[in-house]
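Chemist: heads up, no residue letters with this:
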């Protein structure tokens, strides 16, 4: 295969006058001892590369020729770009997808990856750097956040491999891995706790508990539920309210799937009572992406929609921000129900300082007692009643019943008891 090693310090000179064989002499070049001596040249499509030792040059030439034959050659100098520059100029501008997801990933890159690795060149990032990176993350984040960050970094470096910037993705090395995600089983609430939390909410928000536990709706779906989504004895789950770049938007439910959920009689009564006391309000929000459209297609796709929402904010008379609800009314209800302790008392000065900072009282963290616990309770009641997993999966809006089984299998009643009885009957020869 084409390619040769060039000596940059010496060139052929005229033969000595008294040499009968007229062998050429070696003459120093203008580059003598001013650069690396040996340079690999003459390989089509491969930039020249210099070495101090001829053996190293020959080894590299052979490796490049073999990689070219396999179609795997990557010039390491293409990776002479910092991770931050690569992300900013090449990786991020090509990303497409759900705006909210993109915003989450972008925030993760800016806050958790670039501060630690952004100044390093792609071809410099190796396993030792990644070990240090994981150790730094471990000081500030939990396992779930580290796993998400690691996945994003691996995607970036894999894109660099596909772009032929680096030959391999160091995140795939066997000796460096993120922490394992702790197993956390979905936990349902008792009927007593559901009622106590509901009682602790402002009257205009009580129906949120009813919809969460009675129909298994996600919080964003409850906030996006409109009066015309109540259709007889079913609920049409058509949209959610969520935050994209700190602005409220309407969008399809999670996974881009609408669904129909049966509505029990008690829930229909609660919803009717709520709408009579708190008439639905028209709320206009952009669809999916609040950014200014750049063309006619985007303008059509993002055109604002107006819906008469069942649950709205008390002050702004508009769509309710889940963060405002979770940090205020929901946490107060958890305190009233005894789920979390009362916040520590603060002096007037501390209270004023906290109010200026974020306007919210500092409550205890309750990651397992968020609004999603109501959805878990809905699933547990349905499965305990031996409703089919396929139906429960459809009502929950899961992409596949296997997801429902993975999350809620431990809630299915007497699974081991029925299994033992079946085996006993089999050994006894009963039909």
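Modeler: Structure received. Only a predicted model underlies this, so the values are computations on that prediction, with no experimental measurement involved. Residues are numbered from 1 along each chain as shown.

Chemist: hey, let's count contacts and neighbours off CA atoms from now on
Modeler: Fine.

Chemist: Name the nearest residue to residue 31, sequence neighbours excluded.
Modeler: Closest residue to residue 31 apart from its sequence neighbours, by C-alpha to C-alpha, 6 or more residues apart in numbering: residue 9 at 5.7 Å.

Chemist: Got the domain ranges for this structure?
Modeler: 4-67, 79-172, 191-376 (automatic domain parsing).

Chemist: Quick one: the helices in the stretch 201-350 of the chain, in order.
Modeler: With helices called from DSSP state H, counting those that start in this stretch, the stretch 201-350 of the chain shows them at 206-215, 219-223, 265-277, 296-301, 322-325, 331-336, 348-357.

Chemist: Dump the domains of the chain into TSV; add mean pLDDT as well.
Modeler: Shown next, in TSV, are those (pLDDT from 0 to 100):
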stretch	mean pLDDT
domain 4-67	86
domain 79-172	92
domain 191-376	89
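
Chemist: Looking at those domains, spot the one closest to residue 180.
Modeler: Nearest to residue 180, of all these, is domain 79-172, at 6.9 Å by C-alpha to C-alpha.

Chemist: so which of the domains of the chain gets nearest residue 383?
Modeler: That would be, of the domains of the chain and by C-alpha to C-alpha, domain 191-376, which comes in at 10.6 Å.

Chemist: so residue 27, which of the three states?
Modeler: What DSSP: H, G, I helix; E, B strand; the rest coil gives for residue 27 is strand.

Chemist: Show me the beta-bridge partners of it.
Modeler: With DSSP bridges as the criterion, residue 27 is bridged to residue 11.

Chemist: Okay, it and residue 10: tell me how far apart.
Modeler: Separation of residue 27 from residue 10 (C-alpha to C-alpha, to the nearest Å): 5 Å.

Chemist: and if you look at residue 43?
Modeler: Shown here: residue 43 relative to residue 10, a distance of 21 Å by C-alpha to C-alpha.

Chemist: again, but for residue 95
Modeler: The value you get for residue 95 to residue 10, if C-alpha to C-alpha is used, is 51 Å.

Chemist: which one of the two has more residues nearby?
Modeler: Shown here are residue 95 and residue 10; by other C-alpha atoms under 10 Å, residue 10 has more neighbours (16 against 9).

Chemist: If you count contacts, what does the helix or strand hosting residue 106 end up packed against?
Modeler: Residue 106 belongs to helix 99-108 when assigned by DSSP states H and E. Helix 99-108 sits against strand 240-244, with contacts defined as 3 or more C-alpha pairs under 8 Å, 6 or more residues apart in numbering; DSSP states H and E.

Chemist: okay if I get the domains of the chain as TSV plus distance to residue 389?
Modeler: Formatted as TSV, these follow (distance: least, C-alpha to C-alpha, whole Å):
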stretch	distance to residue 389
domain 4-67	51
domain 79-172	27
domain 191-376	14
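
Chemist: hmm, back to that, could you tell me the angle between the helix holding residue 106 and strand 240-244?
Modeler: Angle of helix 99-108 versus strand 240-244, following axes from the mean of the first three to the mean of the last three C-alpha atoms, to 10 degrees, is 30 degrees.

Chemist: what comes up buried for helix 99-108?
Modeler: Buried positions in helix 99-108, judged by neighbour count with 16 or more other C-alpha atoms under 10 Å: 99, 100, 102, 108.

Chemist: So which elements touch the following helix or strand past that helix?
Modeler: Downstream of helix 99-108, the first helix or strand assigned by DSSP H and E is helix 114-117. When contacts are defined as 3+ C-alpha pairs under 8 Å, 6+ apart, helix 114-117 packs onto helix 83-86.

Chemist: how far is the helix it packs on from where the chain is centred?
Modeler: Taking C-alpha atoms, centre = their mean, to the nearest Å, the mean C-alpha location of helix 83-86 is offset from the chain mean by 20 Å.

Chemist: Show me what it is packed up against.
Modeler: Helices and strands touching helix 83-86, by 3+ C-alpha pairs under 8 Å, 6+ apart, are helix 114-117.

Chemist: Mind listing what's buried along the next helix or strand after the helix it packs on?
Modeler: Next in sequence after helix 114-117, counting helices and strands by DSSP H and E, comes helix 127-138. Across helix 127-138, burial judged by 16+ other C-alpha under 10 Å covers 127, 130, 133, 134, 137.

Chemist: And the strands in the stretch 251-400 of the chain?
Modeler: Using DSSP state E, counting those that start in this stretch, the strands found in the stretch 251-400 of the chain span residues 259-262, 281-285, 305-309.

Chemist: Make a markdown table out of these and add distance to residue 91 and mean neighbour count.
Modeler: Formatted as a markdown table, those follow (distance: least, C-alpha to C-alpha, whole Å; neighbours: other C-alpha atoms under 10 Å):
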| stretch | distance to residue 91 | mean neighbour count |
| --- | --- | --- |
| strand 259-262 | 35 | 16 |
| strand 281-285 | 30 | 18 |
| strand 305-309 | 33 | 18 |
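
Chemist: Please produce TSV containing those strands, extended by distance to residue 179.
Modeler: Formatted as TSV, those follow (distance: least, C-alpha to C-alpha, whole Å):
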stretch	distance to residue 179
strand 259-262	36
strand 281-285	40
strand 305-309	42
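
Chemist: how about the ones you listed, which one is nearest residue 291?
Modeler: For residue 291, the closest of those is strand 281-285, at 11.9 Å, according to C-alpha to C-alpha.

Chemist: Show me what the helix or strand hosting residue 64 is packed up against.
Modeler: According to DSSP H and E, residue 64 maps onto helix 54-70. Helix 54-70 is packed against strand 4-7, strand 38-41, with contacts defined by 3+ C-alpha pairs under 8 Å, 6+ apart.

Chemist: Out of those, which gets nearest to residue 306?
Modeler: strand 38-41 (66.7 Å).

Chemist: Contacts for the closest one, please.
Modeler: Contacting residues not belonging to strand 38-41 are listed as 3-8, 47-54, 57-58, 61 [C-alpha atoms under 8 Å, 6 or more residues apart in numbering].

Chemist: Within its sheet, name the partner strands of that strand and how each one runs.
Modeler: Applying DSSP bridges, strand 38-41 is found paired with strand 4-7 (antiparallel), strand 49-51 (antiparallel).
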